[in-house]
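# One predicted model, sequence on top.
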Amino acid sequence: MTDKKYLKLYKMIKNKILSGEYRANDKLPSKRVMADLTGFSVVTVEKAYSMLNDEGYIASRERSGYYVCRLDTFTVAKLEENDKAFLYLDEDSGEPQDFEYSLWFKTIRRVISDKGERLFMKSPNKGCAVLRNAISNYLRRYRGMYAEPERIIIGSGSEQLYETVVKMLGRDKVYGIEKPSYSMIETVYSSAGATIQKLEMGSGGIKSEALKKSNIDVLHVTPFRSYPTGVTTTVIKRYEYLKWAEGGKYIVEDDFNSEFFIPGQPIESLYSLDQNDSVIYINTFSKSLSPSMRLGYMILPKSLCNTYDEKLGQFSCTVPVLDQYVLAEFISSGNFERHLNRVRRKMKN
């Protein structure tokens, strides 16, 4: 209660100074007199005066007492503005996700109990081994994709990974993107200083003529249900992309939402079809789990592993260790695949 009284008195005196009731060079009542006037204890007055003195509202003069300091007009205006009541933001809201939250929270509790102090260790720069191993195993089982954990990079969502691509390959390259495409692809590449060419979409993917006429070095495509067109790239078109990349060019395969391919197993990725070590594969868990899951991964071609280490190997992983361990456990336990299968069954109905 003493602290609350002390703050109350501090604010009361401060407001009198700001309102002009206490003017510059006015002497404040002694501690004992102020205590009698306000009903507070001398100790409370002493604490309030001390804080006002520290903040420059009043100044102590030896053997004389406390005097009000002169505040310039700008300072008073800012203080009065900051002292006004302010509005808090409304609580965030959104559409509920088709996700078994209780199972996720159960996984969190188990990881905290089992891993303990390990969760406070710094993450390796490319991400925790436990998650990179889990993703590698999941891709092999569920997608038929073979990716050594060493080539998997953990990041905080697709947008951060797009930026990583530019930092790795360079701003001097020309990046081709689908027209139209998800707006953040262009935004991130442009913000990173990259030059962009937009390639017209057809019914099966980027139009062949647009790709042939381009002078791009890197091709960014979303083969499965590209947004906003909804186009899924045909197998013939996928091989056309891979043929284009022969000779040292790179394809960024943005495989967003591909886990929910209906019917049957997810469609074969460009990464799986690639024989030339030219595909940089990117995927996230924002659609398959929840938009709040700011966690994704990138698979590097072997030819880019050294380049990544040289240019970006010193940067810290942007995903908290706890999140990495929880997702790793969720995947390794089979819960992630069961979740995907459950959602896909509902989508079929």
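Thanks, I have the structure now.
# Low-confidence stretches in the stretch 151-300 of the chain?
The stretch 151-300 of the chain contains residues with pLDDT under 70 at 257-267.
# Which parts of it are helices?
Ranges of helices in the stretch 151-300 of the chain, per DSSP state H, counting those that start in this stretch, are 158-169, 183-191, 208-213, 235-245, 270-273.
# closest to residue 316 out of the ones you listed?
Nearest to residue 316 among the helices of the stretch 151-300 of the chain is helix 158-169 (12.2 Å), distances taken as C-beta to C-beta. For every residue, glycine as well, the C-beta is placed using N, CA and C.
# check contacts around residue 322.
108, 111-112, 119 (C-beta atoms under 8 Å, 6 or more residues apart in numbering).
# which one of those has the most neighbours?
Using other C-beta atoms under 10 Å as the neighbour test, these are led by residue 111, with 22 neighbours.
# related to what we said a few turns ago, in a markdown table, list the helices of the stretch 151-300 of the chain along with distance to residue 65 and mean neighbour count.
Formatted as a markdown table, the helices of the stretch 151-300 of the chain follow (distance: least, C-beta to C-beta, whole Å; neighbours: other C-beta atoms under 10 Å):
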| stretch | distance to residue 65 | mean neighbour count |
| --- | --- | --- |
| helix 158-169 | 58 | 20 |
| helix 183-191 | 58 | 16 |
| helix 208-213 | 82 | 13 |
| helix 235-245 | 81 | 17 |
| helix 270-273 | 78 | 19 |
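# Just the buried residues of the host helix or strand of residue 342, please?
Secondary structure from DSSP states H and E places residue 342 in helix 335-348. Within helix 335-348, the residues that count as buried by 16 or more other C-beta atoms under 10 Å are 335-336, 339-340, 344.
# Nearest to residue 101, out of those: which one, please.
residue 339 (11.3 Å).
# now the strands for the stretch 201-349 of the chain?
For the stretch 201-349 of the chain, the strands defined by DSSP state E, counting those that start in this stretch occupy 218-221, 250-254, 279-284, 296-299.
# I'd like to know which of those strands is closest to residue 151.
Nearest of the strands of the stretch 201-349 of the chain (C-beta to C-beta): strand 296-299, 5.5 Å.
# From the contact counts, what lies against the closest one?
When contacts are defined as 3 or more C-beta pairs under 8 Å, 6 or more residues apart in numbering; DSSP states H and E, strand 296-299 packs onto strand 152-155, helix 158-169, strand 279-284.
# Nearest to residue 229, out of the ones you listed?
helix 158-169 (18.0 Å).
# Let me see the residues that make contact with that closest one.
With C-beta under 8 Å, 6+ apart as the test, helix 158-169 has contacts from 153, 155, 175, 184-185, 188-189, 191-194, 217-218, 220, 250, 252, 254, 256, 280, 282, 284, 286, 296-298, 304, 307-308, 311-312, 318.
# Wasn't residue 59 part of a strand?
Yes: read with DSSP: H, G, I helix; E, B strand; the rest coil, residue 59 is one of the residues of a strand.
# OK, contacts around it?
53, 66-67, 69.
# can you tell me how far residue 253 sits from residue 5?
64 Å (C-beta to C-beta, to the nearest Å).
# Equivalent analysis for residue 32, please.
For residue 32, the distance to residue 5 - C-beta to C-beta - is 16 Å.
# where's the residue nearest to residue 286 when sequence neighbours are not counted relative to residue 164, distance?
Computed as C-beta to C-beta, 6 or more residues apart in numbering, the closest residue to residue 286 that is not its neighbour in sequence is residue 293, at 5.6 Å. Here residue 293 is placed at a distance of 18 Å from residue 164 (C-beta to C-beta).
# And residue 11, by the same measure?
Going from residue 11 to residue 164 by C-beta to C-beta gives 49 Å.
# ok, back up a step: got the contacts of residue 322 as CSV, with distance to residue 25, secondary structure and pLDDT columns?
Shown next, in CSV, are these (distance: C-beta to C-beta, whole Å; DSSP: H, G, I helix; E, B strand; the rest coil; pLDDT from 0 to 100):
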residue, distance to residue 25, secondary structure, pLDDT
108, 60, helix, 94
111, 63, helix, 96
112, 59, helix, 95
119, 58, helix, 93
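# Mind putting those into CSV with distance to residue 37?
Output for those, formatted as CSV (distance: C-beta to C-beta, whole Å):
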residue, distance to residue 37
108, 55
111, 59
112, 54
119, 55
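# from those residues, which is closest to residue 27?
Checking the contacts of residue 322 against residue 27 by C-beta to C-beta gives residue 119 as the nearest, at 57.3 Å.
# So that closest one sits against residue 108, correct?
No: contact criterion C-beta atoms under 8 Å: residue 119 and residue 108 do not qualify, at 10.5 Å.
# and residue 203, how many neighbours?
Neighbours of residue 203 under the rule other C-beta under 10 Å: 9.
# ranges for the helices of the stretch 1-150 of the chain?
Counting by DSSP H, counting those that start in this stretch, the helices of the stretch 1-150 of the chain are 2-19, 31-38, 42-54, 73-83, 101-115, 129-138.
# Quick check: which of those is buried the most?
With neighbours defined as mean count of other C-beta atoms under 10 Å, the helices of the stretch 1-150 of the chain peak in mean count at helix 129-138, which reaches a mean of 20.
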